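> Quick one: sequence and predicted model below, then my questions.
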Amino acid sequence: MTLNILWFRQDLRLADNPALHAAASGPVLPVFIRDDAAAGAWAHGAAQRWWLHHSLAALRAGLRARGLELLLLKGDAVALLTDLAARSGASAIHAARLYEPWARGRDARLAEALPPGCRLSLHSGALLHEPHRIRTGQGNPYAVYTPFSRAIFALGEPPPPLPVPALTAGPSQPGLALEALELLPQRDWADGFPGHWSPGEVGAAARLARFSAPALAAYDHDRNLPGQPGGTSGLSAHLRFGEISPRQVWHAARAAGAAGPHTFLKEILWREFAHHLLWHRPEMPEAPLQNSFEKFPWQPDARFLRAWQRGKTGYPIVDAGMRQLWATGWMHNRVRMITASFLVKHLLQPWQDGEAWFWDTLVDGDLAANSASWQWVAGCGADAAPYFRVFNPVLQGEKFDADGAYTRAWVPEVAGLPAKFLHQPWNAPRPPAGYPRPVIEHAAGRARALAAYAALRQAA
DNA sequence: TGAAATGTTGGGGCG
DNA sequence: ACGCCCCAACATTTC
């Protein structure tokens, strides 16, 4: 039987892995390659690199338990794999399909470069459905989420997940030590991460198991409360690195009980929809999907951007979110909407600047989901929030963090305030010292944003 | 997966 | 007792 290379990329799991199943027809040589040059600006951000390091350690351990050694390499994946295929005599390279434009280009180049007798075989795995297979009745890609989700639900249940196949090791090849991939940060900013996360397939399964039937039943309401432990699944980074598949998550949610999972499954489909959009609109990470926004009057201002990044805007719910992001590599989804709206609308900063910061700081940074979500907030996306929807950070804080548990946890400067003033500390009888006044007054910021959007509409 | 402005209604205070 | 006004409370419209 001939050797198969399994190229692990963003699908760092052994269970429900169609590419691994295909490769397991013969001896398997598993490989991971750090290839930043191919990804360009969208190479893994710093927080993702931390996650990736530990996820690779977990994957390596899982493979070793089955007698296989994960080959680690660094550099040009096309050149390295072409060489590896020639040296090892492999008949195929199996991998899960990627949807990032840069990755699609690299796969095309690799397929051309491989020696005769070795083919590149791409499999599904990261998504429930391949984006090129989903079309409207008119034959077009979906541009609006709701009909897209309806179409996916109408397709019925996805197939059951695959088990881990029986594996036979191929001949070993010389590779790098995990540390030589240089994924861990030089400075100590990630020291708090291990208390929050367990990267890897085992950690993903544990996280899924913890998100139980009661949590699912309460999900429709609790997912909006950032101070509610277990209100959300916390699976985003595990999904981003493919430590768990969407159909594993789907079937687990179904199995947990009849009531509840629909809202949760719709969130899984937002991820699906983002990949759908990226597949059909590869410019999405850089350019607004609505052309009129090319002329939007953003007002880039390094001081505003920095105040937002550091969690010093003077709005407690915004600052809580930005500090949670920095400290843990993750931010609650409700707060992502609030902070993103604040940057783009109140501060009039280009959405690409927020996208770039999230990309560098989120452990779950996913090109499709991140860019689609920023465009959604900015109002320039395919199925975007209307331009006039401006989140009021005071009202959002009072509505979704009413008891203030979340805000107090991340913004100690205001922790001593009563609930009445927690989300508007400048109105307190004694505003806390050491906490900044709002970088912009809400009503003024809102009015300025509406004027900017109105100008755009007039020009269009 | 908003918020604010504007419009409507109806109860109660008060002359 | 009656009419007038005020203003919550809710609904609708607009940004």
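Thanks, I have it. Residues are numbered from 1 along each chain as shown, chains lettered A, B, ... in the order given.
> Do a quick rundown of the strands in chain A.
Counting by DSSP state E, chain A has strands at residues A:4-8, A:28-34, A:71-74, A:92-96, A:119-123.
> Just want the angle from the second one to strand A:4-8.
So the one you mean is strand A:28-34. 30 degrees (axes from the mean of the first three to the mean of the last three C-alpha atoms, to 10 degrees).
> related to what we said a few turns ago, right, so of the strands of chain A, which gets closest to residue A:105?
strand A:119-123 (13.2 Å; C-beta to C-beta). Where you see a C-beta, it was placed from the backbone N, CA and C, and this is true even at glycine.
> Show the average pLDDT along stretch A:191-198.
The average pLDDT for stretch A:191-198 rounds to 96.
> Also stretch A:412-432?
94.
> Would you mark the buried spots in that stretch?
A:413, A:414, A:417, A:421, A:422, A:423, A:424, A:425, A:431, A:432 (16 or more other C-beta atoms under 10 Å).
> and for stretch A:70-88, what are the contacting residues?
Outside stretch A:70-88, the residues that touch it by C-beta atoms under 8 Å, 6 or more residues apart in numbering are A:3, A:5, A:7-8, A:29-35, A:37-38, A:56, A:59-60, A:63-64, A:90, A:93, A:106, A:109-110, A:113-115, A:118, A:170-173, A:175-178, A:180-182.
> Show the average pLDDT along that stretch.
Mean predicted lDDT for stretch A:70-88 stands at 97.
> Okay, buried residues for that stretch please.
A:70-74, A:76-78, A:80-82, A:84-85, A:88.
> got it, and stretch A:219-234?
Buried residues in stretch A:219-234 (16+ other C-beta under 10 Å): A:219, A:222, A:223, A:224, A:225, A:226, A:227, A:228, A:231, A:232, A:233, A:234.
> same thing with stretch A:279-291?
Result for stretch A:279-291 [16+ other C-beta under 10 Å]: buried residues A:279, A:280, A:281, A:282, A:284, A:285, A:287, A:288, A:289, A:290.
> burial measure for the closest residue to the first one other than its chain neighbours, as a count.
So that's residue A:279. Spatially, and ignoring its direct neighbours in sequence, residue A:279 is nearest to residue A:131 (3.5 Å; C-beta to C-beta, 6 or more residues apart in numbering). Look at residue A:131: counted by other C-beta atoms under 10 Å, it has 20 neighbours.
> hmm, back to that, using CSV, lay out the strands of chain A together with distance to DNA strand B.
Formatted as CSV, these follow (distance: least, C-beta to the nearest atom of the strand, whole Å):
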stretch, distance to DNA strand B
strand A:4-8, 30
strand A:28-34, 32
strand A:71-74, 37
strand A:92-96, 25
strand A:119-123, 28
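> which ones among the contacts of stretch A:70-88 are found in helices?
A:37, A:38, A:56, A:59, A:60, A:63, A:64, A:106, A:109, A:110, A:113 (DSSP state H).
> Excluding covalently adjacent residues, which one is nearest to the fifth one?
Right, the one you point to is residue A:60. Leaving aside its sequence neighbours, residue A:60 sits nearest to residue A:70 (C-beta to C-beta, 6+ apart; 4.4 Å).
> Include pLDDT and distance to residue A:362 when you put the buried residues of stretch A:279-291 into a markdown table, please.
Putting the buried residues of stretch A:279-291 into a markdown table (pLDDT from 0 to 100; distance: C-beta to C-beta, whole Å) gives the following:
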| residue | pLDDT | distance to residue A:362 |
| --- | --- | --- |
| A:279 | 98 | 21 |
| A:280 | 97 | 24 |
| A:281 | 97 | 22 |
| A:282 | 98 | 21 |
| A:284 | 98 | 17 |
| A:285 | 98 | 14 |
| A:287 | 97 | 21 |
| A:288 | 97 | 21 |
| A:289 | 96 | 21 |
| A:290 | 94 | 25 |
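> re the thing from before, now, which of the buried residues of stretch A:219-234 sits nearest residue A:444?
residue A:226 (26.4 Å).
> What separation is there between the closest residue in space to that closest one that isn't next to it in sequence and residue A:398?
Distances taken as C-beta to C-beta, 6+ apart put residue A:332 closest to residue A:226, at 3.7 Å, once the chain neighbours are dropped. Noted for residue A:332: a distance of 16 Å to residue A:398, by C-beta to C-beta, to the nearest Å.
> who has more neighbours, the two?
residue A:332 (25 against 17).
> is it true that that one touches residue A:322?
No: with contact defined as C-beta atoms under 8 Å, residue A:332 does not reach residue A:322; the gap is 11.7 Å.
> when you scan stretch A:419-429, is anything in it near DNA strand B?
No: using C-beta under 7 Å from any atom of the strand, stretch A:419-429 never reaches DNA strand B; the gap is at least 11.0 Å.
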